[in-house]
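> mind folding the following:
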Amino acid sequence: MKSVMSCILNRRSVRAYMPQDVSRDNIIQLLTAASWAPSGNNLQPWRFSVVMNNKDLIKMLSSLTIFHKWAQNSSCLIAVFLDTKVVDSKIENAYLKHTQSIGAAIQNILLAANELGLATCWIGEILKNEDQVRELLGVSDDLQLMAVISVGYSNNVSLKSKRRDVSENIISWL
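Below you'll find the predicted structure:
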C-alpha cells in the first residue's frame, strides 16, 4: 500500500488511457473515499453520477469539453455535483463551505485512484456545459455540476511534473 504522501507527490492528471475497463469495485472504493471527505455539519453535499460500460454516453459527455479527444477514451466518467438543497442561505459563506467540501471529496477520489493504480483527470472546463451534462445524465436542476473526473488506466509510462519550492508559497510564518 502506498503512503498518503506518496500518493500526493506522485499523482498526475492523465490525458491518455489504455482500453482497459475499471472494475465497479474500484469505483465504489473511489466514491467511498470521496464520502469520507470533511464537510460542514457532516452534510455531505456531494452527489455522483457514474458512467461506465456505456461508451456512447462517455463519448457524448466528452463531446461537451474541449478535451473530448482523450476524455472519450477513459473507462469511466464521474460527474460530481453539489446538492444545492443542503446550502442554507441563512448561514454566512454556506455555499463556499460546501464547494470546499466538494473539492476535498474530489481530491480523495484522485488520491484513492492513485493508490489503486488508476489514472484520473479533474475536468473543470466542462462546467460551461452544465445544463447539457445534467440533461444527458438525467440529473435535476437542484444539483450543480462541480467537475467531471475521468478514470482509467494510464497509457503514459512516465508522467513528470514539478512545483515551485514551497517557500515561494508561504506569505507569512508567524
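> what's downstream of the longest helix seen in the chain, the next helix or strand?
Scanning the chain for the helix with the most residues, using DSSP state H, yields helix 94-115. Later in the chain than helix 94-115, the nearest helix or strand by DSSP states H and E is strand 119-123.
> what lies in contact with the longest helix of the chain?
1-2, 4, 7-8, 10-11, 29-40, 43-46, 78, 80, 82, 86-88, 91, 119-120, 122, 146-147, 149, 151 (Cβ atoms under 8 Å, 6 or more residues apart in numbering). Every residue, glycine included, has its C-beta placed from N, CA and C.
> report the buried residues of that helix.
For helix 94-115, the neighbour count (16 or more other Cβ atoms under 10 Å) marks 94-95, 97-98, 101-102, 105-115 as buried.
> can you flag the buried ones in the contacts of helix 94-115?
Counted by 16+ other Cβ under 10 Å, these give 7, 11, 29-31, 33-34, 37, 39-40, 43-46, 78, 80, 82, 86-87, 119-120, 122, 146-147, 149, 151 as buried.
> in strands only, show me those.
Members of the buried ones among the contacts of helix 94-115 lying in strands (criterion: DSSP state E): W46, I78, V80, L82, A119, T120, W122, M146, A147, I149, V151.
> now those as JSON lines including distance to L64?
Below are those laid out as JSON lines (distance: Cβ to Cβ, whole Å):
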{"residue": "W46", "distance to L64": "21"}
{"residue": "I78", "distance to L64": "15"}
{"residue": "V80", "distance to L64": "15"}
{"residue": "L82", "distance to L64": "18"}
{"residue": "A119", "distance to L64": "21"}
{"residue": "T120", "distance to L64": "18"}
{"residue": "W122", "distance to L64": "15"}
{"residue": "M146", "distance to L64": "15"}
{"residue": "A147", "distance to L64": "13"}
{"residue": "I149", "distance to L64": "14"}
{"residue": "V151", "distance to L64": "17"}
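> flag the shaky bits of this structure, pLDDT-wise.
By pLDDT under 70, the low-scoring segments of the chain are 1, 90, 157-161.
> all helices for it, in order.
Remark: helices assigned in the chain by DSSP H are 4-10, 24-35, 55-62, 68-71, 94-115, 130-137.
> nearest to S167, of the ones you listed?
Of all the helices of the chain, helix 4-10 sits nearest to S167, with 17.1 Å by Cβ to Cβ.
> how about the ones in strands among the buried ones among the contacts of helix 94-115, which pair is most distant?
Farthest pair in those (Cβ to Cβ) is L82 and A119. Separation: 25.0 Å.
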